[in-house]
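Trainee: Kindly generate the corresponding structure for this input.
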Amino acid sequence: MICSIPDNLPFVLKPTFKNYYTLVTESPLDREERAEYNITISVSDLGTPRRHTQHNLTVRVADVNDNAPAFSQPAYTLRVRENNSPALHIGTVRATDADAGANAQLTYSLLPPSDPHLPLASLVAINPDTGQLFALRALDYEALRAFDFQVRAADRGAPALSSQARVRVLVADANDHAPVVLYPPPNASAPCTELLPRAAEPGYLLAKVVAVDGDAGQNAWLSYRLLQATEPGLFGVGAHSGEVRTARPLSERDAPRQRLLLLVRDHGEPPLSASVPLHVLLVDGFSQPYLPPPEAPGRAPGAGAGADEPLTVALVGALACVSALLVGALLALAAGRLCRRGGAASAGGCAGPAEGGVPGQLLDVGGTGTLAHGYRYEVCLAGGSGSDEFKFLKPVFPNILGQHVERKSEGSPTFENSLGI
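Mentor: Below is the predicted model:
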């Protein structure tokens, strides 16, 4: 007998014993390429005429876990609008496995983030069976604009095989921040006041409104508008610059105090806005004293002046005291200088012996003995004159000094002149 199979199959028939044959593989089988083979075995004898018969055999290839899961794309980018509701479905990752059975059953999980400061477990969760991703809490664009993490898909084969994909979540901005006016300060204790000279020409720059918006993109584009004005048509505001300028020349009929209400609006959907007042004082020139700001609503007209009077009196008194002390110090300094100059001039006019030293104490050695007590003298030396002079400073006994002077003056007029008596 002759036993055969088609030639296009990876199998061969090998005779084993007489009319017994064995079907064996000729090359490796791959279940992922072909999972089943239908083999037709033909058997014929060697007689005349020949007789033959056929038998169909089905071979199914068993699976082994030789294929790792594969994601539909290596990286995913998901977008979610900020202020979302918790447990919002933001996207799905998908992976497939070419194996079969348990080898193709996949489980999804999140890998620890590379950034240790990213609280991924409180931001995103994944369904382990379907790969759906959910935002666990409301996201804030201003706090976290984007974050990345890795997703793993593993099969249930033995041994288990896995693969990874990168997911990037972009948080879209929502118009949840109203413009914030920095200047003029909206919450100041006193309203912001600008001075405007009456001689200002049209286009004079009075002030510039400065505002910021915490959002991004179109939500942060700001425009400016003048809502109210004491004198309509007197001022204009740049729609994009926020500059407040005069629109026409000022006239005498314009009120000296002007109040403007400015509006700042963003371009979000829906748009948010903020307003701020601006007070303007018309003056003839900047040398004119600053006028007081307008009274706050609900405040008595004279309340501020009455409360400031004690402070004004105290300031005036302190200024007067400081001025008096300063004048007194200057007068004392001038008097001291005049006294020193006068003393030097009198020292220069003293007379005395032409030569020799002058003792510190002189005694009367005359026969009368009326000057038995000592006197103190100050020696005056005239520089460059070559003579030493002295004068009396203080007598010890004024009565005795008077008698002595009388006697000396009767006998010597020169001595009386030298003493200056």
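Trainee: which helix in this structure runs the most residues?
Mentor: helix 303-348 (DSSP state H).
Trainee: now that one, how far from the chain's geometric center?
Mentor: The offset between the C-alpha centroid of helix 303-348 and the centroid of the whole chain comes to 49 Å, using Cα atoms, centre = their mean, to the nearest Å.
Trainee: Which strands or helices does that helix pack on?
Mentor: Under the contact definition 3 or more Cβ pairs under 8 Å, 6 or more residues apart in numbering; DSSP states H and E, helix 303-348 sits against no other helix or strand. No exception for glycine: its C-beta is placed from N, CA and C like everyone else's.
Trainee: Now do that helix, average pLDDT.
Mentor: Confidence over helix 303-348, taken as the mean pLDDT, stands at 77.
Trainee: Stretch 57-76 too?
Mentor: Looking at stretch 57-76 alone, the average pLDDT works out to 93.
Trainee: Would you mark the buried spots in it?
Mentor: Buried residues in stretch 57-76, defined by neighbour count with 16 or more other Cβ atoms under 10 Å: 59, 61, 63, 65, 67-69, 71, 76.
Trainee: which parts of stretch 188-195 are buried?
Mentor: Those would be 191-193, for stretch 188-195 by 16+ other Cβ under 10 Å.
Trainee: Among these, which one lies nearest to residue 21?
Mentor: Using Cβ to Cβ, residue 192 is the member of the buried residues of stretch 188-195 that sits closest to residue 21, with 106.1 Å.
Trainee: what's near enough to touch that closest one?
Mentor: For residue 192, the contacting residues are 183-185, 277-279, by Cβ atoms under 8 Å, 6 or more residues apart in numbering.
Trainee: Let's see that with 6 Å instead.
Mentor: With contacts defined as Cβ atoms under 6 Å, 6 or more residues apart in numbering, the neighbours of residue 192 are residue 184.
Trainee: Repeat that for residue 27.
Mentor: For residue 27, the residues meeting the contact criterion (Cβ under 6 Å, 6+ apart) are residue 10.
Trainee: from what I can see, it looks like it's in a helix, true?
Mentor: No - remark: residue 27 does not belong to a helix; assigned using DSSP: H, G, I helix; E, B strand; the rest coil, it is coil.
Trainee: any idea which of the buried residues of stretch 57-76 is closest to residue 168?
Mentor: The closest of the buried residues of stretch 57-76 to residue 168 turns out to be residue 76 (Cβ to Cβ; 7.1 Å).
Trainee: With adjacent residues omitted, what lies nearest to that closest one?
Mentor: residue 167 (4.7 Å; Cβ to Cβ, 6 or more residues apart in numbering).
Trainee: Export the buried residues of stretch 57-76 to a markdown table and append columns for distance to residue 21 and secondary structure.
Mentor: As requested, the buried residues of stretch 57-76 are exported to a markdown table (distance: Cβ to Cβ, whole Å; DSSP: H, G, I helix; E, B strand; the rest coil):
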| residue | distance to residue 21 | secondary structure |
| --- | --- | --- |
| 59 | 15 | strand |
| 61 | 21 | coil |
| 63 | 27 | coil |
| 65 | 33 | coil |
| 67 | 34 | coil |
| 68 | 39 | coil |
| 69 | 41 | coil |
| 71 | 47 | strand |
| 76 | 55 | strand |
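Trainee: can you put those residues in a markdown table and add distance to residue 338?
Mentor: A markdown table is the format used below for these (distance: Cβ to Cβ, whole Å):
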| residue | distance to residue 338 |
| --- | --- |
| 59 | 137 |
| 61 | 130 |
| 63 | 124 |
| 65 | 118 |
| 67 | 116 |
| 68 | 110 |
| 69 | 109 |
| 71 | 105 |
| 76 | 98 |
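Trainee: Could I get the CA-only coordinates of the helix or strand hosting residue 194 as CSV?
Mentor: When elements are defined using DSSP states H and E, residue 194 is found to belong to strand 193-197. Coordinates of the C-alpha atoms in strand 193-197 are reproduced here as CSV (Å, rounded to 0.1, in the frame of the first residue of the first chain):
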residue,chain,number,x,y,z
THR,A,193,-7.4,110.3,43.1
GLU,A,194,-5.5,111.6,40.0
LEU,A,195,-4.7,115.3,39.4
LEU,A,196,-5.6,116.8,36.0
PRO,A,197,-4.4,120.3,35.1
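Trainee: could we number from 11 for the rest of this?
Mentor: I'll keep to 11 as the first residue from here, and by that count the last item is strand 203-207.
Trainee: what residue ranges in this protein score low on pLDDT?
Mentor: Scanning the chain for pLDDT under 70 picks out the ranges 295-319, 353-431.
Trainee: Tell me where the stretch 111-260 of the chain has strands.
Mentor: Remark: strands assigned in the stretch 111-260 of the chain by DSSP state E, counting those that start in this stretch are 116-120, 134-136, 142-145, 156-165, 172-182, 190-193, 203-207, 215-218, 220-222, 232-239, 245-247, 253-256.
Trainee: and among these, the most buried is which?
Mentor: strand 245-247 (a mean of 21; mean count of other Cβ atoms under 10 Å).
Trainee: show me what contacts residue 213?
Mentor: Residue 213 makes contact with residue 255 under the criterion Cβ under 6 Å, 6+ apart.
Trainee: And the one 10 residues further on, by the same measure?
Mentor: With Cβ under 6 Å, 6+ apart as the criterion, the residues that contact residue 223 are 187, 189, 230, 276.
Trainee: Could you rerun that using 7 Å?
Mentor: When contacts are counted by Cβ atoms under 7 Å, 6 or more residues apart in numbering, residue 223 is found next to 187, 189, 229-230, 232, 276.
Trainee: who's in contact with the residue nearest to residue 169 when sequence neighbours are not counted?
Mentor: Of all residues beyond its chain neighbours, the one nearest residue 169 is residue 75 (7.2 Å), with distances taken as Cβ to Cβ, 6+ apart. Residues counted as contacts of residue 75 (Cβ under 7 Å, 6+ apart) are 109, 113, 165, 167-168, 171.
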